[in-house]
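1. make a model of this:
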Amino acid sequence: MKITDVITHQLLVNVDEPFTSSRGWFYKTKGALVVEIVTDEGVIGWGDCYGPAAVNKAIVDTVLRASLIGRDPFDVEVIWEELYNKVKDYGLTGMTISAISGVDIALWDIIGKAVGKPIHKLIGGAFRTELQAYATGLYFKDMDRLNEQAVEEARGYVDQGFKAIKMKIGLGSLTKDIDRVAAVRDAIGNDIQLMVDANHCFTVPQAINLGRELEKLGVHWFEEPISPEDLDGYVEVSRKLDMAIAGGENEFTKFSFRRILEKRAMDIVQPDVCAAGGITECKKIAALAQAQAIQCVPHAWGTAIGLAATMHFLASLPNTPPCLVPQPPMLEYEQTFNPFRDELSSTALTHVGGIVHVPTGPGLGIEINRAVLDKYRVA
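-> Take a look at the predicted model:
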């Protein structure tokens, strides 16, 4: 089997209800870069690249594609190393690795389809066949009804059966953030796990002071409290707070995560399969985390392709730590408007009562609806 073509599909859609986080800009559109790899045996693989679609498209089309034509997709790790070394002089992290991630996912999809097995069977098997999903939402929308809107949204997720919710914080005031989190906690009760995500907007002292108050509200983890560049700051925050500190969605490859894990800067690492290096590299990141007894709970944001790839990766992760009553890593189920997630796959990946079943079909286990590609493709 040989690769005969690599096709990129840049997608774009207007968001029906703009939203923001502590980053400070409103999301008015959503984009995606879908990678299609074609073989001479008619087997097609699909991948998803995290980040600005136009940049990913340029990297795949002009840098990576030439190295893929004529290759055997089963040489997935050989190809990964060659692509990484090709960009090493100028792309150790960031968009070049996101582009490689989309290619890697597509290669695994091809391999699974060629042998008639789901990806999780090819990367060690499934420790679990269903995943506990947590709802990511509670962004800032109506700035005049921040608390009320958060409470209404959180109650909706509980009514759907979610047992865990992640909300945004970072309103520029410790009091405003605590009031909003407290309102949500009061609305959903103590039996629902509640996580917060600051999108790295705090200083170390601010994160520690806020974290001490969040601990009183039973927050399960505090995600990205400070800037990802400040690894020593993460160490300080982690040591000063009893709650789990999570991060890593802005990190790439095993080399970046090695530094995090060596310092034990985070209690939970969150590589994104569509950004950190694909399935090939994320399995290595997870192994490094397991060696440090640190849980790996991947970040997920993107298309149905990325969601399916994340599910296979999650299924293959052992419980950390192994015990009589384990706490398996949860699946991030992002709740904002996203037709690339909801419409692109003809195979449903929806949750039922907060539970999502791992796909069992060959490769990613999903069928891509080309009409959706056509509908949202950038001309």
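2. so residue 150 sits right up against residue 167, yeah?
-> Yes: here residue 150 reaches residue 167: they are 6.4 Å apart, a contact under Cβ atoms under 8 Å. All C-beta spots, glycine's among them, are computed from the backbone N, C-alpha and C.
3. okay, and the common contacts of these two?
-> Taking Cβ atoms under 8 Å, 6 or more residues apart in numbering as the criterion, residue 150 and residue 167 both touch 138, 180, 184.
4. would you mark the buried spots in the longest helix along the chain?
-> As assigned by DSSP state H, the longest helix anywhere in the chain is helix 95-115. Neighbour counts over helix 95-115 (16 or more other Cβ atoms under 10 Å) mark 95-114 as buried.
5. can you tell me what sits against the helix or strand just after it?
-> Next along the chain after helix 95-115, taking DSSP states H and E as the criterion, comes helix 119-122. Applying Cβ under 8 Å, 6+ apart, the contact partners of helix 119-122 are 108-109, 111-112, 115, 126, 279, 309, 312-313, 315-316, 358, 363-365.
6. nearest to residue 45 among those residues?
-> residue 109 (3.7 Å; Cβ to Cβ).
7. wait, isn't the closest one in contact with residue 39?
-> No: the pair residue 109 and residue 39 fails to qualify as a contact (Cβ under 8 Å) at a distance of 10.9 Å.
8. what's the overlap in contacts for those two?
-> Common contact partners of residue 109 and residue 39 (Cβ under 8 Å, 6+ apart): residue 45.
9. contacts only, for the closest residue in space to residue 358 that isn't next to it in sequence.
-> In space, and not counting its chain neighbours, residue 358 is closest to residue 315: 4.5 Å by Cβ to Cβ, 6 or more residues apart in numbering. Each residue near residue 315 by Cβ under 8 Å, 6+ apart is listed here: 120, 126-129, 131, 358.
10. now the helices: where do they sit in the stretch 101-250 of the chain?
-> Ranges of helices in the stretch 101-250 of the chain, per DSSP state H, counting those that start in this stretch, are 119-122, 146-160, 174-188, 204-216, 231-240.
11. put the alpha carbons of the shortest one into PDB.
-> C-alpha atoms of helix 119-122 as PDB (Å, rounded to 0.1, in the frame of the first residue of the first chain):
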ATOM      1  CA  ILE A 119      -7.300   2.100  16.400                       C
ATOM      2  CA  HIS A 120      -7.400   1.300  20.100                       C
ATOM      3  CA  LYS A 121      -6.800  -2.400  19.200                       C
ATOM      4  CA  LEU A 122      -3.600  -1.400  17.300                       C
END
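12. burial of residue 164, as a residue count?
-> Other residues lying near residue 164 total 21 when counted by other Cβ atoms under 10 Å.
13. now for residue 127: which residues touch it?
-> Shown in contact with residue 127 (Cβ under 8 Å, 6+ apart): 315-319, 328.
14. oh, I was asking about residue 250
-> 200, 224, 228.
15. how near is it to residue 24?
-> 16 Å (Cβ to Cβ, to the nearest Å).
16. name the nearest residue to residue 2, ignoring sequence neighbours.
-> Distances taken as Cβ to Cβ, 6+ apart place residue 40 nearest to residue 2, at 4.9 Å, with adjacent residues excluded.
17. what about the one you found, how many neighbours?
-> Number of residues near residue 40 (other Cβ under 10 Å) recorded here: 11.
18. could you tell me which strand of this structure is the longest one?
-> When the chain is parsed with DSSP state E, its longest strand is strand 3-19.
19. re the thing from before, any chance of the helices of the stretch 101-250 of the chain in CSV, with distance to residue 305 too?
-> Formatted as CSV, the helices of the stretch 101-250 of the chain follow (distance: least, Cβ to Cβ, whole Å):
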stretch, distance to residue 305
helix 119-122, 12
helix 146-160, 24
helix 174-188, 31
helix 204-216, 34
helix 231-240, 31
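20. from those, which stretch is densest packed?
-> When you average the neighbours per residue for each of these (mean count of other Cβ atoms under 10 Å), helix 119-122 leads with a mean of 21.
21. before we move on, back to that, sitting in strands, which of the contacts of residue 250 do you find?
-> Within those, no residue falls in strands by DSSP E.
22. which one of the residues you listed is nearest residue 270?
-> Lowest distance from residue 270 to the contacts of residue 250 (Cβ to Cβ) belongs to residue 224, with 8.6 Å.
23. tell me the pLDDT of the residue lying closest to that closest one once chain neighbours are set aside.
-> Distances taken as Cβ to Cβ, 6+ apart put residue 200 closest to residue 224, at 4.5 Å, once the chain neighbours are dropped. Residue 200 carries a pLDDT value of 97.
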